[in-house]
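J.: Generate a structure from the sequence data that follows.
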Amino acid sequence: MVVRLRFAEKSDQESFITFTCTSPVPANRQVNGVWVKGEKLHPEPWALLVQKLIHNSPVYHDKDCWIRVGVDDQTGNLASYCAVVHKGDGVYEIAIIAVSRKLRGLGLGTQALRDAISTATHDAVHRNLDPVFVATIDENNRASAHLFASFGFQLIKTYDPDRHGFTFNLWARR
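T.: Alright, predicted model coming up:
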């Protein structure tokens, strides 16, 4: 299988809506006599949150933010998704990296992160800036933490839990 990375196009919007990067949401059910929404029972709540963000993301590309997608040459399906935002002064946030649930374990996350760093570095050089990279990762998402650490990112800060109970860590790389 060959996956080609490119900037997202308006025609990708439909693919965003159907993109899956996690297991299906469990059915609502009773737990200890109380009805619980399936989303609260999901084994990877951070992946479910990312998937929702992708489903609702517009296609954009301007000087300060872009989406790069990986497209499977054989099927034409979206294989990966990566959003990057230039926050200013050479700071680039890897906002989202996701790999299709069906294609996990093939190195597509590594390919997407490598491409994000390369694309942002090219942008920084064009702006005559030294790039700094940051990413915010759910503290329970060990796979993403491992991926970013393998690229030299270091854990900088742990935030207080948000209103949904998610705790995020800030990672950075110079």
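J.: So what are the sheet partners of the lowest-mean-pLDDT helix or strand in the chain and their directions?
T.: The helix or strand of the chain with the poorest confidence is strand 61-62; it has a mean of 72 (mean pLDDT, DSSP states H and E). Under the criterion DSSP bridges, strand 61-62 sits next to strand 65-72 (antiparallel) in its sheet.
J.: Contacts for the partner strand, please.
T.: Residues from elsewhere that reach strand 65-72 (Cβ atoms under 8 Å, 6 or more residues apart in numbering): 1-8, 12, 15, 57, 59-61, 77-86, 103, 108, 111-112, 115-116, 119. Yep, even glycine has a C-beta here, placed from its N, CA and C like the rest.
J.: Could you do stretch 44-52 as well?
T.: Contacts for stretch 44-52 (Cβ under 8 Å, 6+ apart): 19-23, 25, 39, 42, 96, 98, 137-138, 140-141, 166.
J.: Using neighbour counts, trim those residues to the buried set.
T.: 19, 21-22, 42, 96, 98, 137-138, 141 (16 or more other Cβ atoms under 10 Å).
J.: Does the helix ranked longest in the chain pack against any helices or strands, and if so which?
T.: The longest helix of the chain (DSSP state H) is helix 108-126. For helix 108-126, the packing partners by 3 or more Cβ pairs under 8 Å, 6 or more residues apart in numbering; DSSP states H and E come out as strand 3-7, strand 65-72, strand 78-88, strand 91-99, helix 142-150.
J.: out of these, deepest packed?
T.: Of all the helices and strands packed on helix 108-126, strand 91-99 has the most neighbours on average by mean count of other Cβ atoms under 10 Å, namely a mean of 23.
J.: Give the pairing partners of that one; include direction for each.
T.: strand 78-88 (antiparallel), strand 132-138 (parallel).
J.: Let me have the ones you listed in CSV, extended by mean pLDDT and distance to His126.
T.: Shown next, in CSV, are the strands paired with strand 91-99 (pLDDT from 0 to 100; distance: least, Cβ to Cβ, whole Å):
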stretch, mean pLDDT, distance to His126
strand 78-88, 96, 11
strand 132-138, 97, 16
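J.: Give the residue farthest from the middle of the protein.
T.: Using Cα atoms, centre = their mean, the residue of the chain lying farthest from its centre is Gly33. It sits 35.7 Å away.
J.: With that, I have no additional questions.
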